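K.L.:
Take this sequence and fold it.
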Amino acid sequence: MVHRTRLAWYLSAASLLGGCSFLLPKSHTESPTFQNFDAARAAIESLVPQKSNLTSLTAMGLDPIKQPNTLILTPSDIVRRVVSGSVVSKEDLEPGILTCLAARDACRGWEINVSSISKERTGNFLADFINFSRRTETRGWRFNALILLVDDVVVYRAWGGQPVVNETEVQTNPLGPLQDSGPSLVTPR
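P.N.:
Sure thing, here's the model as predicted:
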């Protein structure tokens with residue numbers, strides 16, 4: 001009788017934990033500067049080559065010191081990014097890029113990478129906890145931009161990225177918690 005009671009308790013605990021998806025891990029990363037992809041795009045598109053300057057960039061919050069995930073590029077970094085091997089000729093480059101490259105040390109660039117990504121494990125808590133099945137849903141957006149400046153004046157700007165990130169990853173381990181222990185159980189002689 002005690003055996004049946006204990007078994008019933010285990011089964012009811014397992015079924016309760018199976019429905020506790022709120023116990024699964026969640027994570028969120030975001031850029032503090034832009035609220036969404038369109039706001040980031042609009043900010044970069046508002047820059048007018050040969051007119052926008054460092055002061056206007058700073059007023060928009062585009063400052064490598066204050067904007068996280070901004071890479072300050074040297075002239076040689078810019079060459080590596082815009083001239084990929086011998087496929088691109090000088091005539092194929094944008095005028096702003098040519099102006100920047102001709103300015104040599106007066107040229108600098110900013111590569112901005114911002115995002116807002118949420119990852120949430122969903123599904124059955126018990127199956128996830130004992131490593132039989134894990135489902136991770138990733139949602140959000142990613143944005144990147146390149147701004148080139150010569151003597152603190154914007155000469156080129158471009159943007160790209162993913163306006164919508166919507167990914168689902170499902171990992172299934174038929175052996176559950178034993179899935180990764182196989183190689184460790186075999187000892188070399």
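K.L.:
Tell me where the longest strand sits in the chain.
P.N.:
What stands out as the longest strand in the chain, according to DSSP state E, is strand 153-172.
K.L.:
Show me how far that strand is from its chain's centre.
P.N.:
How far strand 153-172 lies from its chain's middle: 7 Å, per Cα atoms, centre = their mean, to the nearest Å.
K.L.:
Any regions of the protein where pLDDT drops low?
P.N.:
For the chain, the stretches with pLDDT under 70 are 1-32, 84-88, 126-128, 175-189.
K.L.:
hmm, 50 instead?
P.N.:
Counting by pLDDT under 50, the chain contains low-confidence ranges at 7, 11, 14, 16-18.
K.L.:
who's in contact with the longest strand of the chain?
P.N.:
Applying Cβ atoms under 8 Å, 6 or more residues apart in numbering, the contact partners of strand 153-172 are 37-38, 40-41, 44-45, 47-54, 57, 94, 96-97, 99-100, 107, 117, 132-149. Where you see a C-beta, it was placed from the backbone N, CA and C, and this is true even at glycine.
K.L.:
What of stretch 33-50?
P.N.:
Counting contacts by Cβ under 8 Å, 6+ apart, the residues outside stretch 33-50 that touch it are 31, 52, 56-57, 60-62, 67-68, 96, 112, 114, 116, 141, 143, 145, 147, 153-159, 161-164.
K.L.:
Would you state the strands of this structure in chain order?
P.N.:
When secondary structure is read from DSSP E, the chain shows strands at 26-30, 70-73, 107-122, 133-150, 153-172.
K.L.:
can you redo those strands as TSV with distance to Val83 and mean neighbour count?
P.N.:
What follows is these, written out as TSV (distance: least, Cβ to Cβ, whole Å; neighbours: other Cβ atoms under 10 Å):
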stretch	distance to Val83	mean neighbour count
strand 26-30	32	12
strand 70-73	13	16
strand 107-122	13	18
strand 133-150	13	20
strand 153-172	14	15
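K.L.:
could the ones you listed be laid out in JSON lines, adding distance to Lys90?
P.N.:
Converted to JSON lines, the strands of the chain look like this (distance: least, Cβ to Cβ, whole Å):
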{"stretch": "strand 26-30", "distance to Lys90": "39"}
{"stretch": "strand 70-73", "distance to Lys90": "19"}
{"stretch": "strand 107-122", "distance to Lys90": "15"}
{"stretch": "strand 133-150", "distance to Lys90": "16"}
{"stretch": "strand 153-172", "distance to Lys90": "15"}
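K.L.:
Run through the residues that contact Ile147.
P.N.:
Ile147 is in contact with 44, 47, 57, 62, 109-110, 112, 154, 156-157, counting by Cβ under 8 Å, 6+ apart.
K.L.:
Would you mind giving those residues as TSV with distance to Asn173 added?
P.N.:
Shown next, in TSV, are these (distance: Cβ to Cβ, whole Å):
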residue	distance to Asn173
Ile44	43
Leu47	49
Leu57	49
Leu62	45
Gly109	45
Trp110	44
Ile112	39
Val154	51
Tyr156	49
Arg157	47
